[in-house]
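> need a structure here:
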Amino acid sequence: AIDIPDLNLLTTGQAINIVSNAPDVGTRTLVMIDQTHASATGATVLTLHQDSTQRTLFINHDGATGSAIYVDAESTTQTAGVVDIDVAVLTTGTALDIGNADLLTTGRIANFVSNAPDVGTRALVQITNDNTLATGATVLSLQQDAVQVGLFIDHNGATGISLSIDSEATTQTAGVVDIDVAVLTTGTALDIGNADLLTTGRIANFVSNAPDVGTRALVQITNDNTLATGATVLSLQQDAVQVGLFIDHNGATGISLSIDSEATTQTDGVVDIDVALLTTGTALDIGNCDALTTGYGIRVVENSSSASSRALVYLKVDNTAATGSKPLSLEQDSTGRDMDVTNTDPGTLGVKIVAIHNSASPVLGDNILRIRADGNSSTGVQRQYGYIQFQIEDATNTLEDGLFEINLIEAGANNLAAYVDSTGQLF
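Presented below is the predicted three-dimensional model:
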């Protein structure tokens, strides 16, 4: 209807210039292109064609407020998008670029808002990499150069999930969620804090219900550098008077706690329990073995062929002033045996028990071994009814003599009932 051809010599100016300088604030449109027939589905209202490497459409909006582009769409169903940008031949660059927001102090570069009450499942923003061969394409990349949050999710619902990841990966060694903190030297890589209102539930929950019997670890924490001798793999801190670590093992068989140590030299112990502040109670308690009918409360086994001197269990009171401390105490409430010592050596020697009085200055009368027998009196008072002891009669090197005593209580007082000297004579 209107044709303006042959603008080949136009270098400045405009082919069409429509200007209004009216101060009236009434709503109006300076240019209107109206396609009013609903059946004209093939009619495009405005087409712009640009063959050069310059902008096709430029909007210079100088108002301090107001929208530079406003689209009022009455579409109720639109799969391609109310605003559809087709960049089928684009190989390098950016399809949608919102740049130079350098003066932005409040507000947002992009704002997507929905206030619809409909409970149907939907995504307000959808970004899809729809080709399985595009293995180098990242669906969403965020770059934050300031010392501020890179991604913030403000979830105000009383229930629901703030971040949900549905991964169809069947094999993933790097992790479905992979956090790369290669330059982090101080601080925390993953921080879940301020759970101060938590009364039930958990800060972290890892669940697997797979029936596969293959060996695997549900949670793996690895210090992979042998030089990091100051790194503790897992540290737990409990400030309340409650359990620090609880393991609930419901399998009828299997091990609740298994430690595989490759240490070849360890003076502090592969398992080291430091109770320096403990004054009352028990450092290591294995209780409630009430259902035990066979087996052991504690079992320590060695199958080494080495003939070197060593002890499988070592108990020591290391302070000379601790005169009330006993390295070992056994209590038996039944009429059964209090202790069994079994030797399966096929030789002539049976059970061997060695008591050593490691004195730097042994003299006559030193007690090497005393075995005491106590019982209650008629009023319930614990009394010493007797003891046997081995003494030094002569400590001269290569000329040593020993003495054996039997002491029994008589009329409430201790009495040397008999002794055997080094010659075997009984007195």
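> And the longest strand along the chain, what does it pack against?
Scanning the chain for the longest strand, with DSSP state E as the assignment, gives strand 382-394. With contacts defined as 3 or more Cβ pairs under 8 Å, 6 or more residues apart in numbering; DSSP states H and E, strand 382-394 has these neighbours: strand 367-376, strand 401-410. Just so you know, the C-beta spots here come from the backbone N, C-alpha and C atoms, and that holds for glycine as well.
> Make a markdown table out of the ones you listed and add mean neighbour count and distance to H61.
Below are these laid out as a markdown table (neighbours: other Cβ atoms under 10 Å; distance: least, Cβ to Cβ, whole Å):
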| stretch | mean neighbour count | distance to H61 |
| --- | --- | --- |
| strand 367-376 | 12 | 102 |
| strand 401-410 | 16 | 111 |
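> Same list, these, but as JSON lines with distance to A101 please.
Converted to JSON lines, the helices and strands packed on strand 382-394 look like this (distance: least, Cβ to Cβ, whole Å):
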{"stretch": "strand 367-376", "distance to A101": "89"}
{"stretch": "strand 401-410", "distance to A101": "97"}
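> can you redo those as TSV with mean pLDDT and distance to A43?
What follows is these, written out as TSV (pLDDT from 0 to 100; distance: least, Cβ to Cβ, whole Å):
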stretch	mean pLDDT	distance to A43
strand 367-376	96	112
strand 401-410	96	122
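> Could you list the low-pLDDT ranges of the stretch 101-250 of the chain?
Low-confidence segments of the stretch 101-250 of the chain (pLDDT under 70): none present.
> For the longest strand of the chain, C-alpha coordinates in PDB please.
Provided in PDB are the C-alpha atoms of strand 382-394 (Å, rounded to 0.1, in the frame of the first residue of the first chain):
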ATOM      1  CA  GLN A 382      35.400 -57.300 104.300                       C
ATOM      2  CA  ARG A 383      38.300 -59.100 106.000                       C
ATOM      3  CA  GLN A 384      41.600 -60.500 104.700                       C
ATOM      4  CA  TYR A 385      41.400 -64.200 105.600                       C
ATOM      5  CA  GLY A 386      44.800 -65.100 104.200                       C
ATOM      6  CA  TYR A 387      47.400 -64.600 101.500                       C
ATOM      7  CA  ILE A 388      50.300 -66.400 100.000                       C
ATOM      8  CA  GLN A 389      53.400 -64.500  98.900                       C
ATOM      9  CA  PHE A 390      56.800 -65.100  97.300                       C
ATOM     10  CA  GLN A 391      59.700 -63.100  98.800                       C
ATOM     11  CA  ILE A 392      63.300 -62.400  98.200                       C
ATOM     12  CA  GLU A 393      65.600 -64.000 100.800                       C
ATOM     13  CA  ASP A 394      68.800 -63.100  99.000                       C
END
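> Tell me the buried residues in it?
Residues G386, Y387, I388, Q389, F390, Q391, I392 are the ones in strand 382-394 that count as buried (16 or more other Cβ atoms under 10 Å).
> Looks like D401 contacts Q391 (just checking).
No: assessed by Cβ atoms under 8 Å, D401 is found out of contact with Q391, at 9.6 Å.
> quick one on the thing from earlier: want to try CSV for the buried residues of strand 382-394, with pLDDT and distance to L364 as columns?
Formatted as CSV, those follow (pLDDT from 0 to 100; distance: Cβ to Cβ, whole Å):
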residue, pLDDT, distance to L364
G386, 97, 23
Y387, 96, 19
I388, 97, 19
Q389, 96, 14
F390, 96, 13
Q391, 96, 8
I392, 96, 6
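> between these, which is nearest L90?
F390 (98.1 Å; Cβ to Cβ).
> beta partners of the closest one?
Counting by DSSP bridges, F390 forms beta bridges with L369, F404.
> what's the spacing between it and I371?
9 Å (Cβ to Cβ, to the nearest Å).
> ok, R202 to A195 distance?
Taking Cβ to Cβ, one finds R202 at 9 Å from A195.
> And for G42?
59 Å.
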